[in-house]
Every structure is written in C-alpha cells, then in structure tokens.
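Colleague: sequence and predicted structure below; questions after.
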Amino acid sequence: MRIEPTREGKRFLLALLVVGFTSLNTGNNLMYLTFSMMAALFVISLVAGFLNLKSLQTALQVDEPIFAGQSKEILLSVKNRKWFTSYSIRFLLEGITREGLYIAKVPPGNVTRINQRVLFQKRGVYEMRYAIVQTSFPFIFFRFRQKAPLSAGTRGTTLRVVVYPRLLDIERVFGTAILTEEQRGRLLQTEGEEVHSLRQYRPGDHWRAIHWKSTAKRGDLMVKEFVVDEPERVTVVLDNSLCKEEEAFEKAVSLSASLLYEAVQRGYSVRLITSSKAFPFGSGMEHLWRMLDCLAVLRSPRPFEAVPPMEEREILFLVLPDEKTFLGHLIPRAERVFYASDI
Amino acid sequence: MIDWIKEVRKTLSSVLRGKKDVIELALVCLIARGHLLIEDIPGVGKTTLALALARVTDCTFQRIQFTSDLLPSDILGVHIYNPETREFEFKEGPVFANIVLADEINRTNPKTQSALLEAMNERKVSIDREVYQLPEPFMVIATQNPMEYHGTFPLPESQLDRFMLHLRIGYPSYQEEKAVVLEMRDFDHLMRLTPVVTRDQILEAQQLLRDVHVEDSVADYLMGIVVATRGHPEIRLGVSTRGAQHLLRAAKAHALIQGRDFLLPEDVKRVAPWVLAHRVLLKGRTFIRDAEEVIVNLLKETEVPL
Amino acid sequence: MPPIYKLITCLVALVGDLSLITTGELNPLIYIPGSLMFVGYYRAIKGLPQAHRYLTGTLSTVVLLLFFFDAFYLSRDIIVGVSHMSILFHTLKSFDIKDPWDPLQVFFMSLIQLLLASELTRSLAFGAVFLLFIVLIVFAIFYSHLMKEGVPTVRPFLRPLFSIMGIVVLLTAIFFVSTPRLRGSLIGVGLSRGIRSGFSESIKLGGLEEVKLDPTVVMRVTVKPMGRPFIQGNPLYLRGSTFELYREDTWIDLDRAFQTSSRKYRAGPGGIVFSDARRDLYQEVVLEPLDSELLFYTGTPVMLQSEAGEVYLTEDGALSLPRKRSKRFRYIIYTTTDPRPVKGPLMEYLQLPGGLRRVKALAEEVAGGTSEPMQKAHSVEAYLRQNYTYSLNPSRVDRSVSPVEDFLFNTRRGYCEYYATAMVLMLRTLGIPARLVTGYLAVEYNQYGNYYIVRQRDAHTWVEAAVDGLWLTFDPTPSTAEEISRSDLLLFLDFLKMKWQRYVVGFSSYDQRRIAGLLARPIRFGFKAPAGRPDLRWVVYPVPVLFTAVLLIYLMRRHRLPPVSRFFFEIRRSLGGEPSITGTELLQQLPPSHPLFGELREFVLLYHRLRFSPRRDEDLFRRYEALYRSLRKALRGRSPSPEVPEERYTRNQGQQV
C-alpha cells in the first residue's frame, strides 16, 4: 500500500509540527489540547485510511464484444473481507476510465457491485493485471493507493479485453449499398438441393419448383425455395503493408471490420486477408470474432508475405488506406475498392 | 407438498435405469414450465424418457421426427377447406400435445425450427391470423445430435436460449447398461406404464412455484453466478436476463421437488450447469460439455451464502 | 459547492471567532466588521456573485496595515492584534468562497484563532468552544473529502462520521494526557498572564477595599481529614503570611522584608518534609497565578507535595516558593491542626508605635475584669466583634488621628484589617504578644466537588496571640456572612470550572506520572526483578493492551455472522468444506456409515430451515444449537480433513467420553 500526503495533508503536517513545538515550548495546556486534536485527526487519517483499503477483493467484468467508439457497461464487483465497512473508495482502471469508479460503501462480507458505461475509444487489447484502489477516507490529508488484482470472473488471471475496430455504417458512409440488390438476393434461390422453405409463386419461377403437395393443401401455387449448397463467398483484403498515416490506417481497419461484420451477418462465407494474417473461408459469429480479434490488434506497416490466390466464385472487396498499394494487380479483379482516405 | 413426486420418480427410474439425475431434471423442467433440450448420440434413451414421462403423468404425447423437408405446417397444423361447411377448419399439428418429442431438431431447416420454438415460447400457435392455445401442461423435449455430426442446422444461440435445460444423457454405468441389455424390454413395456399423477396435479404443482420463498442472499448468489459468466475469461457471451429468470424458475422447481417451499443455494447450484451451459458462448471451443465444465468451475469458485 | 458545505464553513469560522470573543480580551469594536461575515456567507449560500480578486486583495492589504496600527498603538498587544486581524480575514474570506480550496483556508484560520484564544484565556468557555470546534472540524474536513470525490450527499456516511467524531474526541484526550510536558520553555518566555494583585511584604491600612470586592477565583481547596474530625463546609482559615512590625499605619512582614528566620527545604523522594508531626489534614490546593510567591494552607505544615524543588518556610509559618509563578500551581500539603508552640524571643510581637494611650486605656478597660491572658484576649475579641460595624468603605472622620484610632473611637466601622490591627495593638498594650495574619477565609463550599472556592474577596486578616506558650488564633471581625447562597447551577458550573482548571489547564507532568503510577499499580505487587537482572516490568504493559485488542477483534469476528450462519460455517470449516460447498454437498462428503452422518444430516436440514425458510421457530433453533455443540465437540481434535480414517475418529471420540 502506498501512502502519500496530499497538498492539504502536507500543510496540515507542518501546522501540526509547529503547534506541537509551540505547545511544548509554552507549556500551555490549552495549546496542548489543540495539538492533541490535530494529532488525533492525523492519526485517524492514517489508521482509518489504511484499514479502509485492507482486504478488498475486486473483480471486473466487461460485457463483450466491444467495438471501439461504443460505450459498454463495465461491472466492478468488490468483496470486503473485513468485519467492518469500507467507505468512499475509488477504483482506477488504467486505460479504461480516467476518473475511475467510485463506491461509497462496501459492507463487510457481501459483494458490492457497481456498473458504469465506459466509452472505449480505440481498438486493441486492454490488458489489466491490477486495478488501483484509492481512498482518502476519512479526511483529505492522505491518499492511500493499492494495487488490487483484478480476478476476472472469479479466477485470478489477467483481465484481457479485446476492443474490436469501430464499426461503420457503410451504406451511410458511401451512399450506396456494398452489396448490390442482386448479390443480396442471390442467397436464396429456387435452385439447389435442399428445400429451405415455401413461398407463393411469382411469375418467372420455374415450374419444376412448384410444391404440389402444399399447393393442393392451400389451393394456391406454392414454390419450393432451396438453399444454395455453397454459400456465396466474400473476401476482404486489407492492404496494411505500406500505409504510414495512422488516421487513414485506422479508418481502413474499421472499414474492413464493418465489411466482414455485414457479410457474416448476411450468411456469406467470408475470409480476411491482411499482410500479417490470412484467414480461410468460414461463416458464423465465431469465425467473425476470430477475424476481428486479428483486426483489433493489427499494426502497420508490415509487408505481405504472400497473397493467397483469389478464387472464382467470390466477391472481392479491396480496402486500401490510400492510393499507394502493393496489391495494384487486384484492383481490376475487385468487386469494389475502398479508399479509407475517402471517408 | 408434492406428494406424487416420489412415485413418479420410482416409476421412471424403473424404465430409465441409472438416470436418476436426468429424471429429476426432466421433472424440474416440467414443473418449471420449461422445455428440455437433450443432446446426445442416438440410442441412449431420449425417446424412452419422453414417452415414459408422458405415460406416468397422464399426458398426451406426440413425436415429431425432424427431417430436412419438414415444413412449419407439418408441426403446427393447417387450415383445410371443408366443402361441406364451406369453411376452413383447423387441423391441429402434432405440436398440440402435452409432451412433444421433437426428435433431432437440428436436422431440419431454421425456418421450421423457429416455428416450433415460437410455439414453445408463446404456448400458442398462430396461423393465418388465428390463434390456437396449446394444451397445458405443455413441454417440448427436443433432441439434438452433437455438433460433430454433419448435415445439420445447429440451433442459433438466440433459439437455444428458449430451452430451460440442456441435458446430456450419456451411457449408463456398465452394470446398469448390462442389466438393460439383458432385460430385452421392448417398446410395449413403456406403453403399459400406468399414470401415477393427473394433469391437474401437475398444473397445481406449477402454480406452487410462485410461492417458493427466495431469501435475499440466495437471490444474490444466483445473480452472482449469472453476472460471473459475463466477462469470464473463457466466455465470450454471458448469460442473458432470460437465462437468469430460467435459472430461478428451475431452482424453485428443484426446491419443490425436494419438498421445500423455500429456495436453497444448493437448488441453484444443482441446476445451474444444465440451465446455463447452453446459454454461454465460449471463446474458441464449441462443445456443450466444455461450457458445462466452465460453469461447474465457476460454481466451485462462487461462495455460497451462509 | 453545495450550500451545506458553505454553511459548515460559516459555522467553523463562527466558532473560530467565538473562541476569541469568549476570551474577553478583544476590543468590542471588532464585533461590527466581524458580524459582516454573516452577510458574506448568506451571499455565498444563496449563490450570489463573489467578490472580485482585486477587491479582496486590496482589502487584505488594508487589514494588514490596520494590524500594525492596532498591535503597536491601539491594543499594544501582538496577540490581541493578530486576533483582531483574523476576525477581519474571516469576514473578508466570507465574500470570496469560490473554489474548494477557500473553505480549507477558513478552517485553517479558525484553527489559528483557537491557538490564539488558548493564549488569551484559561476559561471553561474555551473548553466548550473547543468541543464544538472538534465536532465541526471533523464534519467539515470529512465533507471536503466528499467534495473532492464528487459525492453530493453525506447520508451514507453518517455512521462512520459519528464514530470518527467519537474516536477523535477520545484520541484527543489520550494524546492530551500522554504528550510530554516540559518544565520550562525551550525558547522565549511564557506568555501567560496572572492575576495582578496579591500579597506584598507590607500592607498599608486602608488600601485593600478593591480587593475585597473582587470575585476572581484565587484557589480551590479540597480538604480531607486524616483522623481528626473536620466539618466540611465550615469556614476555613488559609494562612498566608504574618506581620509583626506596625509603623506609620503600615504592617511590615519582617521575615520577608529582611529574609530572616526563613529556612529553605528541599524536595525529597516523597515531597518536602517540614516536621514529623502527625498529619491531620490533607489539603489539595489549585492556586491561580498570583502576584505573590506565598502558598496558603490551614494548620501547621508537615509535608508538601508539588512540582517545586525547594520552598521557604519561616518560623511563623509563611510558606513561599523561591519566586513568583506565572502559571497555575497545584500542591498538596499535609498539616497538623495542633496550635504551633511559641518559640524564641517575643520582643517583636510586643512592638508598638507611639501615641497609643487611648488605645491602651480602652484595652485595659475591656480586659479589666481578668488577669488571665487567655481571658483578656477573648474579651478584646468579643468587644470588637460586638461593638463595631463591618463596612468596606469606612470614611475617615478625624484625619488627625491614626486610622486605628479613628476606627476605634470615631467611625466604629471598618473591615477585617481594622479589626485585626486594633486587636493586635490592644493585646500588645496589654503585654500579650500578638501578630497579624493575612490569608483567606474560605467560606464558599461546593458540595458537588467537595471543595472550597476561594475568591479574591475572601482575603482576610486575623490575629494570632501567644497565650500559654501557644500561638492561638483570634478573629475579631464579626462574621459578615450574609449567607452565601448560590444556585445549584452556578455551583455545578464552578465544579466544572474547577475540574477544567485542575485537569485540563493545570495538567502537568506530575499528573502524567500519577496516571502512569495508577497504570503500573497492578504490577507493582506481584513480581520484582531479581538483583542484577534488567527490570523487565515494562514488558507487562503491552500484554493487557494486546489482549484487549485481540479479544476485541475476536469478538467482532465471531459476531459478524448471526448464530444460525455461524454454526454452519464453523462445522463446515471443521469438516474441511470450502466456501462454495453447500449443506447437502457437505453431507455427501461423509459416507453414510459415518457415525456423525445422522447428526450432520439433521443439522444441515435444520440449518436450511432456519436460515432460508421464511418461518422462524425457536424450538428448532434450540435443537439446532444442541446439534452444533455436539458436532463441534465430536469434531474437535480431529484433523479438518473429511477423509479421516474412521477408526482414528472413533478413538478420539472415545477419549473424550
């Protein structure tokens, strides 16, 4: 535990010494009385502050997933292992909140929880081994600080929070949808093997798709909808090999994350290629989180080791921080090229 | 309190050897008005459990085998034009039963899955703007093949959340299994089971749930477990508020089954792995038993209120 | 800043001012600018705009200049000057409460005022103000802490706040008692002021009227009889000095004037011993600072206990310190009530100024009926008592005669000095050696504290005459005693004042030693360090302290949990159950064949029922408690692991049975 006197505390200490000397010198008992009171305040500051911080256990929980620019609830649980209440305690979480979280009262035995919305400004990994627990209770003369292990959940491990890149509303930013109407609709079509569902006949549907059994039941022409056996594929390539300008790079990362997010949400099979890592195709949220994990900590610049070969049936999105690129040969092949500097 | 529990248990364990825990949790689910998801390899008694439960509780029973071409109307029912009355008549689907066994629910497409899940959740069926109430008690026992089987549509997390309990049955112990094999019982044996409890008695028990006393520290214990799943280093997505509600209901039902009208921390602790495991999304791992393990470890680290 | 914080700041400032005002040393003019403070705080609390920086800056300079003028020309006292200045600064600051630092400055200023006041006064009022100050300052700096943390309300903190206030008061008392006291000052001179009147070596007749009206308390005397009967509350003659030579209407104390016949006594281990006579009376005197080195007592001194290292005692019983004191002085004196024997030549007690024929004639007339000196003395005493009127302002009738003659024959009015002088002179004309004694006649008795309150106006003069080889006391002054009846409240207040003066203002290193002695008493008996070994008795001190602390912590720990929970907690712990283990799980850790299984099962069942069920049942609790006791007894002496082999367990149980 670190104890540091505050500005007020230093002055008070000085006054205490002066008064102490004066009363000793004059032998005036009334002055001794004042001195004793000051000494009492001083001692209580020290002892109460010390006891106040003792035996506090903290745990921090963050509601994941978190995207940069999003405010998220963080939940701090404090357990007081003493037999008396702790008061007026501030928890400083370096890198997460500047002013920290304040708890007025932690009764003994029980777990006290406080939550606070915190805005995560930047993507990346926030690793926290300790929270700094601070109190200047009951007076203002001292500040007591102590590192409290943040046993995440209930385990004694380092709390690791991954903040994913900021998500952009791409349609708003670029004025047009990323996927054309056709690309959106392509997922559900009246060809394929497995029946997905039935819908009413629309002019142009092939007669082979008519589901006769239900047509008989409902007295209306019904067609089968099939699920395409191979979902459409989307590749997002982010060229982080050359860009040195941080702002543009951050935008490019954000853009790539947003593209991935949208594509996965739409059920595409998606992959991400950056200079540091290339993912295979995959779908589902778990796959998305993995790619976002990579984007959360992506740094620039790093040269491409090898660009994986592009495939036939895929929609290629090329995300470039600026005009300079190592992947010029992919531009004609791309469905769309995003320049982050345009945002 | 619930005097028939013992009898039901006895009867059920005579047909479902060595599965005391599963029987207990199935009863918890019934009384808590929840639905049961059983995930396991075929042939370990999922159907037996569902059928036996229906027989002893004097409930109607329907079994729906989910296949890839099953349509929502195949489950819920359809309006059929009756030329005589010149009106559409509603033909109830198999979901109109007290206990519905939805076998291999992950074999069918998401649309059909969600039709069932909606009916489960709302306890009614709405077709063509007509609403039909499902019978009470109503419980769906859905079975699902483990994830590693191919050609399936795994239930999305949001749908999994609607099941109160998620169980694995597993093989019985060697001795029990040997006895089962040697007995050579057939399906008829199940059909010969006689009811030991009426439907009304079950509805009554469901009503009792509300009167189970929950002491504040027990509620805190329960919430502590729920909250600990959020931000747990191994968990990507924690338990939702609905999950917490289900946990409380299941725990209360467990208390009732134990013959108590007040909740204990151990009720919560007992049912928590089965209520919570399918509601959390682990980081990097996908098997339900991993999630169970995480929850069990979490329970081991959570102090019970004194 | 919330208004309540400003209000507290205002109160702290007020208490600071109050501490100075109660000293009575201030110029009343200062109240006018001082009360402007209320306007300032009213504005601050209402949130009205605060004074501009330049304005307060300028005014501060003005106040500083005023201070120099005040300290060197007006009050001619630095301390009073600083006090005035501090009140003005409080007023100035009240218009300038802007940021959180400002109230802290106010608190500091009030603290300084408190220190100033402690130099200006000794009164009990200071004590009251001081207590108020403690309460307010704790609240104020606690609030400033909350302000710093940005907490808007003090409500959740009221409990710790009050306990901290209590602890502060307690600690203040402890520190006050235990801070070391020095006998002298390190640098400079003590600033204390004393009562500016007293006893000199000579008294001019007719110069003490003022003193006889002064109600200032001079001393408080507690008397305890030691064997001889003593009636508490009866008038008590406290001797100061004796006067032998009467010349030109002035009494002169020869011993003190010529430093003769006084003997120096040095303090021994138990005190200063004057004689080995029997100790009849114990007197504990708290003497205010007087313009005299005399110590007062009744009887004949046997032993003195005080801080003084040496004292002087004259042959006729004037006890004095080597020098005057500027501080309150406390002493305990043991005396004997036997009259002192006449020793040495008596010539000086028969000295007479010339021209006392009329006096001699009167004396002989009054004492004519007897030849016994004792009878004569009594006759003179009775004559004076009965035929003269007590008056504090005897106007002279005939300035051609001496004041004594004027008293005896013309005015027939006077106060004790006239009576006593007349009697001494009359006795001397009759050939009886006599002397004048000055001191105090204690008449005011406080039954709350069982002590005498002696005031300046109780100064008294009486007569001692050498009769039959003994110095006997005579008091010719009629007892003026318009019955002093003071209200109970006043007496109680004086009792408080006495305690305040005695134990706070007059607290000394002597008292510290006494307290230490009291603490050491339990171990004074008991053991003694063997010869040649270091005395380790001090080791014993921390033991009770530690014991109390440990006991306290232990008790608090145990009582953290209500009994129902605690019983289960203890049983679970002794069975090695972790904190996450529930009752049934604990039970499942034991094999059903375990001898304690049945008991534990019932115990767990009852625990569940008592702890978590909404119903309460006393009978169940009793059963539960009984089970707890029996389980605890059975589990004690066992290792806390549940996997203990059963046989070992039964063996242990067998031993206990």
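Modeller: Sure thing, it's come through.

Colleague: when you work out contacts or count neighbours from here on, use the C-alpha atoms and nothing else.
Modeller: Noted.

Colleague: can you tell me the SS state at A:R145?
Modeller: Following DSSP: H, G, I helix; E, B strand; the rest coil, the label given to A:R145 is strand.

Colleague: can you check the one 4 residues further on too?
Modeller: Applying three-state DSSP to A:P149 yields a three-state assignment of strand.

Colleague: and the pLDDT for it?
Modeller: Looking at A:P149, its pLDDT is 75.

Colleague: quick check: closest non-adjacent residue to the closest residue to chain C within the stretch 51-200 of chain B.
Modeller: The nearest approach of the stretch 51-200 of chain B to chain C comes at B:S173, 20.2 Å away (CA to the nearest CA). Using CA to CA, 6 or more residues apart in numbering or on different chains and skipping the chain neighbours, the partner closest in space to B:S173 is B:G18 (7.0 Å).

Colleague: low-confidence ranges in chain B?
Modeller: Counting by pLDDT under 70, chain B contains low-confidence ranges at B:1, B:44, B:146-154, B:156-158, B:184-187, B:284-289.

Colleague: mind listing the helices for it?
Modeller: Counting by DSSP state H, one finds helices in chain B at the ranges B:5-15, B:20-31, B:46-56, B:72-76, B:110-122, B:157-160, B:174-183, B:187-191, B:199-208, B:216-229, B:241-257, B:265-276, B:288-301.

Colleague: export these to CSV and tack on distance to C:A140 and mean neighbour count?
Modeller: Listed next are those as CSV, based on distance: least, CA to CA, whole Å; neighbours: other CA atoms under 10 Å in any protein chain shown:
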stretch, distance to C:A140, mean neighbour count
helix B:5-15, 65, 16
helix B:20-31, 58, 21
helix B:46-56, 70, 22
helix B:72-76, 72, 19
helix B:110-122, 58, 18
helix B:157-160, 55, 14
helix B:174-183, 75, 12
helix B:187-191, 79, 12
helix B:199-208, 55, 16
helix B:216-229, 37, 20
helix B:241-257, 44, 23
helix B:265-276, 45, 24
helix B:288-301, 43, 19
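
Colleague: and the residue of the stretch 51-200 of chain B closest to chain C, how many neighbours?
Modeller: Around B:S173 sit 12 other residues, with neighbours defined as other CA atoms under 10 Å in any protein chain shown.

Colleague: quick check: it vs B:K20, distance?
Modeller: To B:K20, B:S173 is 12 Å away according to CA to CA, to the nearest Å.

Colleague: before we move on, what about C:A267?
Modeller: Applying CA to CA, the value for C:A267 to B:K20 is 94 Å.

Colleague: same deal with C:L551?
Modeller: Counting by CA to CA, the gap from C:L551 to B:K20 is 50 Å.

Colleague: ditto for A:R81
Modeller: Look at A:R81 and B:K20: by CA to CA, they are 39 Å apart.

Colleague: now B:L71
Modeller: 36 Å.

Colleague: cool, and C:A71?
Modeller: In this structure, C:A71 lies at 96 Å from B:K20, with CA to CA as the measure.

Colleague: returning to what we had before: quick check: which of the helices of chain B is nearest to C:L114?
Modeller: helix B:216-229 (50.7 Å; CA to CA).

Colleague: ok, for the residue of the stretch 501-650 of chain C found nearest chain A, nearest residue in space, not its chain neighbours?
Modeller: Nearest residue of the stretch 501-650 of chain C to chain A: C:V505, at 5.1 Å (CA to the nearest CA). Excluding the flanking residues, the one nearest C:V505 by CA to CA, 6+ apart is A:N29, at 5.1 Å.

Colleague: residues contacting that neighbour?
Modeller: The neighbours of A:N29, taking CA atoms under 8 Å, 6 or more residues apart in numbering or on different chains as the test, are A:S23, C:V504, C:V505, C:G506, C:F507.

Colleague: what's the closest non-adjacent residue to the last one?
Modeller: Of all residues beyond its chain neighbours, the one nearest C:F507 is A:N29 (6.7 Å), with distances taken as CA to CA, 6+ apart.

Colleague: state the mean pLDDT of the helix or strand containing C:M109.
Modeller: C:M109 belongs to helix C:101-120 when elements are defined using DSSP states H and E. Helix C:101-120 shows a mean pLDDT of 90 in the predicted model.

Colleague: any part of that helix near chain A?
Modeller: Yes - Helix C:101-120 comes into contact with chain A (CA under 8 Å from any CA of the partner chain), by way of C:L114, C:L115, C:S118, C:E119.

Colleague: what lies in contact with that helix?
Modeller: Contacts to helix C:101-120, defined as CA under 8 Å, 6+ apart, come from residues A:28, A:30-31, A:34, C:6, C:9, C:12-13, C:15-17, C:19-20, C:23, C:25, C:79, C:83, C:86, C:90, C:93, C:96-97, C:126, C:130, C:137, C:141, C:191-192.

Colleague: can you pull out the helices in the stretch 201-343 of chain A?
Modeller: A:212-218, A:246-265, A:285-296 (DSSP state H, counting those that start in this stretch).

Colleague: can you tell me which of these comes nearest to C:L170?
Modeller: Closest of the helices of the stretch 201-343 of chain A to C:L170 is helix A:285-296, at 58.0 Å (criterion: CA to CA).

Colleague: can you point out the buried residues in that closest one?
Modeller: Buried residues in helix A:285-296, counted by 16 or more other CA atoms under 10 Å in any protein chain shown: A:E286, A:H287, A:L288, A:W289, A:M291, A:L292, A:D293, A:C294, A:L295, A:A296.
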